[in-house]
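S.K.: just to be clear, the model below is a prediction. Sequence and coordinates:
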Amino acid sequence: MTPPLHVIQTIDSIAERHGGPTRTIRDLCEALGRAGARVTRIAGNDPSGPDRLLRPDPALAETILVPRTTRLPFPRPDLTATISRLAGPHTIVHDNGLWTPFNLAIPTAARTAGIPWVISPHGMLAPWALAWRRHRKAVAWPLYQRRLLTGAVGLMATAPAEAAHIRAKVPGRPIAVIPNGVAVPAVLPDRRHRDAPQPRTLLFLSRLHPVKNLPGLLTAWGQLAANPNFAEWTLRIAGPDEANHRAEITALAAALPRVTIEGPIAEVEKAAAFATADLFILPSFTENFGVAAAEALAHGLPVIATTGAPWECLVANQCGWHVAPDPASLAAALTKAMSLTPQERRDMGTRGHALAARDFGWDAIARDTRAYYQWLLHGGTRPDFVPDFKNA
């Protein structure tokens, strides 16, 4: 008989603008709840923000909001009291992210309460991510972040490449390799009406952040947008602004034809955005997973992703391109993709939809995640998605 399980999922914010992890952790909470676990989600909340909060279904997971802060009040008595109240013999804390005051407070509170914790870095140990604001991280790493990672009973990665980045910084700890999931529509929209000559859309839908390599994408677009063969194509860039990056890319796009830059697209409007696009691109320097690419596949779009993201399967499954993040490589992939017939792109999208349904369904991901928690808590045979860590 499987022991009871109480999972406390924690994240710095559940505001919609904070991107992929906010959505995927909500969906994981719901999937774990469907799988029979008791799930509590603790999240930071900024009541002055305008964003919609992405809460899990209350029938599947409880949500507890605590004040969100960018300072380092230490310790956090409110978090310690909340987590201590939730403690039990089959309880595990799963913290998401690194470096923030919240990510310091959560494992500290778990240690005080005597609860083991797991950490998902979400790509924050990749070389590019470590170089971003590296001076702050150079202080935080020896001060607290290394200690919290080595104190975790287990770590989680979404792809083998991320697991290698984690292992390089935190050797000797078990690392589960479990992908993110996405909601996969059972039926794709009928795109046959797009066979006739008409405007075409290349879609980027993610955070507007320097890691996404949007200047590189705009450079690539500038190399081919003037080609009359692509006169019907528009580049649509949409997403929440971070680090004031929107101002930079707006200035770069001003001299280019047929580029639109928008704010975030609400979750309820994403399906329409995918349905009116012909091609998706994620030109990032690095991604631990790249949930936007998985969402595009799930909605039947061929995808161009870079070698900074773990999307080799695009080529193997004939549903996209996996290229270097430099402008020349992006331009070459765009040229190939935009030169295909609508039917050829639609066929690629159909294969991508099948890939998403097979590999990124939430029920299987919740099953593996639950098995990992149980193994960490109670021992037994090491799951096959946890590579050998003692001899790595």
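M.R.: Alright, I've got the coordinates.
S.K.: rest of the way, CA atoms for contacts and neighbours
M.R.: Noted.
S.K.: tell me how far Ala61 lies from Trp117.
M.R.: Applying C-alpha to C-alpha, to the nearest Å, the value for Ala61 to Trp117 is 18 Å.
S.K.: who has more neighbours out of the two?
M.R.: Applying other C-alpha atoms under 10 Å to Ala61 and Trp117 shows that Trp117 carries more neighbours, namely 28 against 25.
S.K.: contacts only, for the more buried one.
M.R.: When contacts are counted by C-alpha atoms under 8 Å, 6 or more residues apart in numbering, Trp117 touches 92-95, 107, 110, 152-154.
S.K.: kindly recompute the last result at 10 Å.
M.R.: Trp117 makes contact with 7-9, 91-95, 106-108, 110-111, 148-149, 151-155, 373, 376-377, according to C-alpha atoms under 10 Å, 6 or more residues apart in numbering.
S.K.: again, but for Ala266
M.R.: Counting by C-alpha under 10 Å, 6+ apart, Ala266 makes contact with 16-17, 51-52, 239, 273.
S.K.: how close does Ala238 get to Leu218?
M.R.: Between Ala238 and Leu218 the distance, using C-alpha to C-alpha, works out to 14 Å.
S.K.: ok, now Phe230?
M.R.: The spacing between Phe230 and Leu218, counted by C-alpha to C-alpha, is 15 Å.
S.K.: got it, and Ala152?
M.R.: Here Ala152 is placed at a distance of 41 Å from Leu218 (C-alpha to C-alpha).
S.K.: ok, Pro121 next?
M.R.: Counting by C-alpha to C-alpha, the gap from Pro121 to Leu218 is 29 Å.
S.K.: contacts only, for Val291.
M.R.: Shown in contact with Val291 (C-alpha under 10 Å, 6+ apart): 19-21, 23-24, 179-182, 206, 282, 297.
S.K.: what of Gln9?
M.R.: 25-26, 28-29, 39-43, 61, 63, 92-96, 117-119 are the contacts of Gln9 under C-alpha under 10 Å, 6+ apart.
S.K.: which of these fall within strands?
M.R.: Using DSSP state E, 39-43, 63, 92-96, 117-119 are the members of those that sit in strands.
S.K.: select from those the one having the most neighbours.
M.R.: Comparing the ones in strands among the contacts of Gln9 on neighbour count, Trp117 comes out first with 28 neighbours (neighbours: other C-alpha under 10 Å).
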